[in-house]
Structures are given as C-alpha cells and as structure tokens.
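In: Here is a sequence with its predicted model. Questions after.
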Amino acid sequence: MANISKTRTLFGFTSPRTLEKVIPEIGLLSERFAGQVWDKETQKEFFESLTESDFYEGTRQVKNPDMAARDRITRAPKSLGLVQLKPSISLTAAGRSLLNQPRSYDLFTRQLMKFQLPSPYHPFKPEAGFRIRPYLELVRLVRDAGSLSKTEIALFFVPLNNVTDYPTALGALLNYRKAKKKLSNGRKAYTQSEFDRVLTKLYKLEIQAGDFGTRESKTSTLQGFLRKKQRNLLDYADAFLRYLRATQLVTLEKSTMRLVISDSRRAEAEFLLSSVPREPASFAILRAFEDYLFSPDNLPLLTDDVKRLTQKLATLGITPPNGATSTELQDLLEQGTVQQQNKAVEAIEQGLKHYQRFEEVDGFFDRITKRGELQDAPMWLEWNVWRSFTMMNYAKHVTGNFTVDLDGAPLGTAAGNQPDLELDYGGFQLIVEVTLSTAQKQYEMEGEPVARHYSRATQMAGKPVYCIFVAPAPHPATVAHFFNLNKSHTDFYGGQTNIIPLSLRQFRKLVNRAKEGAFTEPAKLEALLKSLLAEGRTCQGENRWLQAIETQVSQWLA
C-alpha cells in the first residue's frame, strides 16, 4: 500500500480507472503467477504480461514496471479483498467469485460497501479522525442531495473522513447550491473560492509552516500548492464516481452528467443505506479482517432475500416458477436486467432515427473535447460516435462495444480485445476505433491494437472490412503507421489493411454530409472508403493522403 500517513481526505482508486478492468487483470495474475512471491521481479513480469494482453489499454513502456504493477494490484484489487499477496499470490474467494459469476455489479457492491477507513490495510493514528465507509456514504449523499456533480463530490465528499461530519457536509453542499443559484454571473469564481476555502482549512498547518512541497512536485508557492491539492480532490472525485457506477446503483443524467440513484436500483440502494452499519467494523487481528473482506457473500443485498427478489422480478414483469431457489431467481433477474438494458438502448436508437437529435449529438462532441467537462470523456466519445452512426442509419446493425447501465447510459469503454464499434452494412463491414489520446502516446496506445482488431474482424467477417480511426487530431506517427500498413502486405495482419484516419472535425463533417446529402445507400459510403484507400495506396506520402481525405470527406454526396 502507498504511504497514507499524511492523508487528510478520502482517496479513490485511480488505477485501473474503471473497476470492471480489474476482472481480466486479476484473472491474468492468477493464471500466470499464482503461488509465486509478490516481489519486484514478479511485478515486472506481471506488468510485461499485462501490456502484451489483448485487453490492456495504456502506455506499454514505463520507467518502473514494478511500480506500475503495484499500482494495478495493491490498490483496488487488494483493498477490495480480491487478491491476497502474502505469503504468495492467490485470489480470494471474492476474487474467484468475480471471475465466475455473471453479476459482477453485485460483487462490486458488496466489496465497496465493506471498504472502510481505517482498516488493517489502511491504518491511521486516532487523531487523523478517519471513521467512515466511503462508498456507503457516497450513495447516501447522492440520495439525500438528489444528484451530485464531480465538483460537488470533490468539495463536499472527498474531505469527509468521519461519518459524524456527514450532516455538516450535506448542509454545506446545500448552502453552496443556494448561494451559487443566486449568482447571475461569477459562478466559476465562486466555485474557485470554495475550493480555496476548503483546502485552506484542510491544510492549515502546512500553510502556516510554509510547507508547500508535495510528494509529486516541489511546489514553492501557496497558489501552486492549492491548485495541486485541488486537482487531487477532482481526481479522487472522478475515481469515486467511476467505481461507484460499477455497482449500477447510480447512473449519470445524460443532459447534466450529474450522478443520481438509478430508478431501476433505488430499492437496492435504500436497502443498503438502511442495513449496512455506518461505523467501520473493528478487528482484533489481521486474519479476522481478511476473513471478513475476502468473503463474497457476507454482506447481504436486497436480492439475497427470496421474497424481496420475487418483488423485484415483478417490477420487471417476470413471474418465477413455484419453488425457484434464490440462485434461480437471481439468474432470472440477470436475464431481466439484460432485457432492460437492451430496451433502454433500443429507446435511444429510436430517438436518433432521421436525425431527430442531430444538433444535440453534434454539439455533444464539443463537451467531450472540452477539458474537464465530462467524467471519462473517452467513454462518452465512443457513445457519441455510436449515436452518430445510429443517426446516419442504413446499417443492419450498429453495435457499440462499450458497456451500459440499466438506464442505457455508457458505463465503460469497449474492452481492449475488441473494436469500439462494429457496423454491418450487408455487403461490407465497418469497424470504428476512437481515442482522445494525443501526441506520441496516441501511436503507442492505438497503432498496433487498431491493426490487430482490423485483422481479427477480417478473419471473421467473410466480407470486405474497413476501419475508421477517429481522434481529435491523428498524430503523424499514427497516420504514417496506417498509411504503410495499407500499402504493404503484412502477413501478421492478413495482407494490406483498410484503415482510414479521420480527425474528429472530419468525422463530424462526414455525419453532416450524410444528413445534408440524404444518405440512404450503404454502397455510397463504401465507395468513399474505397476511394480514400486507393488514394493512399497511390499517392506519394501520408501528408498528401491526409489532404485527399480532407477534400473527399468535404465533398461526399455533394
């Protein structure tokens, strides 16, 4: 565990960024390293194996791979009781259950609700004042406040380290909203003043002593110190929001991006708030704590009770057979949940047909690219590109491989071993890869995986396959990589590839041209893709190819 002795606030798990990514990572750890000692060499080997896996997303070259491995395993997986690293590497009962059961959100709920501060894994001196189950109280705050923005989580939840201070935190949040609502302008400045007030109180001793250095940087001014701490609060708020969404107890309002209790899971949330003790549990020895933490079924959920589970099924229109066991009822609930998700997605699709929401969908790209505007902007980019293709219509299927919650809101990005989007146009197939990464990092993260996804799709399709790669600005190294793969025969990728890089501006132009040109014939889209690829295979250099892409996209269907 990282040194938390000087921590003044709650801390969220920032690696991996979404809790669902823990599943394949602990699976890899168990498969290849079970029984081994968790030391620097093992850590380096694990991180190397991780970067070579199909599901990994991130930088593959790091200065300290052992530290990167610890970042992935000793924080969230260990803290949530999914892995045990001493005396040797093994999965706990909870970790094994996570790999084997379809309802990961139930297991995530149990383990997050058990997470507490202090604990034998996260001890604090009594004067530090930590006494809280953070994720339980965050559910409570969402319920009591009605909704929460990331900024509100940063200001009023992350500093909440003791459950007895909850009423004060809730009151401060409501007063902040009232004061902000009265302002006709200057709301941004008011929020900044609130951050300064909260941080000045939290770090009073450091400020009085002029101790502005932090573990990550040598900040020398009060202003720099406060901004660094403010970024920390926002990073932790983002982490809490992401992890709590894995329970599906909460969702995001699509218009405001505020966190709310999911209407579909409100009963489950209320059950937890009324049944889980607010005070952290006490443990005489480490073994007792680990027995509690490692169990996958010792924190009751509403769906563990047959009567309540039957009532929940009734709300989904499902009547179970007489004498059904709890497990059989939970399987029925899982089927009903999938149907509910599908219906939510279908409702979104119907609302997009015939460009009914063109202005909202097109304008949403501006929110995605505006720094700090959205939580998990890459996820929203996948979702909005999916919405754009759905709006264009005339594909037999437009499949977004991102995950969604019960309300149809995106929950996480597509897994690293599959394309972001897959479209079937009958006579040909299109896969789409999107990214917000920039500079050299874009090439490192996307170059090989995009080509690999294209190759795999080609092997499975039995028809022509094309790939569109969308980024705010495709990096020259990425463009050069695709340009050469398209021109040359590469056995590893099954021959020449058909990968076309588009800037986000060009993609928006493509959708706009489809709307203005009354796009109804998939053959016209395929003709454009073929023309762009032919241009790339005959022109001298990738820069001329980019110029041709700009011209042809702008003139499509004119």
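Out: Good, I have the coordinates.

In: shaky segments in the protein?
Out: 1-5, 213-218, 372 (pLDDT under 70).

In: Show me the domain layout of it.
Out: 132-279, 305-354, 357-555 (automatic domain parsing).

In: Endpoint to endpoint, the last one covers what distance?
Out: Across domain 357-555, the terminal residues are separated by 23 Å (C-alpha to C-alpha, to the nearest Å).

In: if we can go back for a sec, will you turn the domains of the chain into CSV that also has distance to W38 and mean neighbour count?
Out: C-beta: built from backbone N, CA, C; applies to glycine. Formatted as CSV, the domains of the chain follow (distance: least, C-beta to C-beta, whole Å; neighbours: other C-beta atoms under 10 Å):
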stretch, distance to W38, mean neighbour count
domain 132-279, 23, 17
domain 305-354, 34, 14
domain 357-555, 24, 18
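
In: Mind putting these into a markdown table with distance to N298?
Out: A markdown table is the format used below for those (distance: least, C-beta to C-beta, whole Å):
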| stretch | distance to N298 |
| --- | --- |
| domain 132-279 | 12 |
| domain 305-354 | 15 |
| domain 357-555 | 25 |
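
In: closest one to D54 among those?
Out: domain 357-555 (3.5 Å; C-beta to C-beta).

In: just to revisit the earlier point, H122 is nearest to which of the domains of the chain?
Out: Of the domains of the chain, nearest to H122 by C-beta to C-beta is domain 132-279, at 10.7 Å.

In: end to end, how far does that closest one reach?
Out: Domain 132-279: ends 6 Å apart by C-alpha to C-alpha.

In: same thing with stretch 265-285?
Out: One end of stretch 265-285 sits 36 Å from the other (C-alpha to C-alpha).

In: Show me the contact partners of that stretch.
Out: Under the criterion C-beta atoms under 8 Å, 6 or more residues apart in numbering, residues 109, 113, 116-120, 131-133, 136-137, 139-140, 143, 163, 248-250, 261-262, 289, 292, 299-303, 308, 312, 406 lie in contact with stretch 265-285.

In: In three-state terms, how would L99 be classified?
Out: The three-state assignment at L99 reads helix, by DSSP: H, G, I helix; E, B strand; the rest coil.

In: what's around it, how many residues?
Out: Here the number of neighbours of L99 (other C-beta atoms under 10 Å) works out to 16.

In: so it touches E25, yeah?
Out: No. Using C-beta atoms under 8 Å, L99 makes no contact with E25, being 10.8 Å away.

In: quick one: which of the contacts of stretch 265-285 sit in strands?
Out: Mapping those onto strands (DSSP state E) picks out V250, I261.

In: and E446, what are its phi and psi?
Out: phi -110, psi -30 (degrees, to the nearest 10).

In: distance of the residue lying closest to it once chain neighbours are set aside from M391?
Out: Distances taken as C-beta to C-beta, 6 or more residues apart in numbering place T435 nearest to E446, at 5.3 Å, with adjacent residues excluded. According to C-beta to C-beta, to the nearest Å, T435 and M391 sit 21 Å apart.

In: quick one, strands of the protein?
Out: 83-84, 90-91, 250-252, 259-261, 397-400, 403-404, 410-412, 421-424, 429-434, 465-471, 499-503.

In: Now tabulate these in CSV and tack on distance to R17.
Out: Output for the strands of the chain, formatted as CSV (distance: least, C-beta to C-beta, whole Å):
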stretch, distance to R17
strand 83-84, 18
strand 90-91, 22
strand 250-252, 16
strand 259-261, 16
strand 397-400, 19
strand 403-404, 14
strand 410-412, 9
strand 421-424, 20
strand 429-434, 16
strand 465-471, 19
strand 499-503, 25
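
In: So which of the ones you listed is nearest A169?
Out: strand 259-261 (15.5 Å).

In: now V361: how far from R245?
Out: 22 Å.

In: and if you look at Q311?
Out: As for Q311, its distance to R245 is 25 Å (criterion: C-beta to C-beta).

In: quick revisit: which one of the strands of the chain lies nearest to E20?
Out: Taking the strands of the chain one by one with C-beta to C-beta, strand 410-412 is closest: 5.2 Å.

In: and the closest one, what other elements does it pack with?
Out: Helices and strands touching strand 410-412, by 3 or more C-beta pairs under 8 Å, 6 or more residues apart in numbering; DSSP states H and E, are helix 377-392, strand 403-404.

In: partners of that strand, with directions?
Out: Within its sheet, strand 410-412 is paired with strand 403-404 (antiparallel), according to DSSP bridges.

In: So which residues make contact with the strand it pairs with?
Out: Contacts of strand 403-404 (C-beta under 8 Å, 6+ apart): E20, Q341, A344, V345, P410, L411, G412.

In: which one of those residues is nearest S53?
Out: Looking across those and measuring by C-beta to C-beta, the closest to S53 is E20, at 15.0 Å.

In: How about the contacts made by that closest one?
Out: S104, A246, T403, L411, G412.

In: can you list these in TSV and add distance to Q61?
Out: Output for the contacts of E20, formatted as TSV (distance: C-beta to C-beta, whole Å):
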residue	distance to Q61
S104	31
A246	29
T403	28
L411	29
G412	25
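
In: so which of those comes closest to A172?
Out: Taking these together and measuring to A172 by C-beta to C-beta, the closest member is A246, at 27.6 Å.

In: what residues are up against that closest one?
Out: By C-beta under 8 Å, 6+ apart, A246 lies in contact with T18, L19, E20, S104, Y105, F108, L112, L411.

In: any idea how far D106 is from it?
Out: 11 Å.

In: Likewise for L485?
Out: Counting by C-beta to C-beta, the gap from L485 to D106 is 43 Å.

In: K307 too?
Out: Going from K307 to D106 by C-beta to C-beta gives 18 Å.

In: same question, V22
Out: Distance, V22 to D106, using C-beta to C-beta: 15 Å.

In: ok, now A439?
Out: For A439 relative to D106 (C-beta to C-beta), the value is 40 Å.

In: Could you do R227 as well?
Out: R227 is 40 Å from D106, by C-beta to C-beta.

In: do K228 as well
Out: 38 Å.

In: D165 now?
Out: Here D165 is placed at a distance of 30 Å from D106 (C-beta to C-beta).

In: my read: S264 touches Q339, true?
Out: No. Contact criterion C-beta under 8 Å: S264 and Q339 do not qualify, at 11.7 Å.

In: Correct me if wrong: T51 contacts R60.
Out: Yes. Using C-beta under 8 Å, T51 makes contact with R60 at a distance of 4.3 Å.

In: and stretch 67-84, which residues are buried?
Out: 68-84 (16 or more other C-beta atoms under 10 Å).

In: Just the residues contacting it, thanks.
Out: Contacts of stretch 67-84 (C-beta under 8 Å, 6+ apart): 1-2, 13-16, 19, 22, 25-26, 29, 38, 43-44, 46-47, 50, 62, 85, 89-92, 94-95, 98, 111-112, 114-115, 121-122, 243, 290, 293-294.

In: Same question for stretch 35-52.
Out: 25, 28-29, 32-33, 56, 58, 60, 62, 65-70, 72-73, 85-90.

In: Please indicate which of those residues are buried?
Out: 25, 28-29, 33, 56, 58, 65-66, 68-70, 72-73, 85, 89-90.

In: Nearest to G495, out of those residues: which one, please.
Out: Y56 (25.8 Å).
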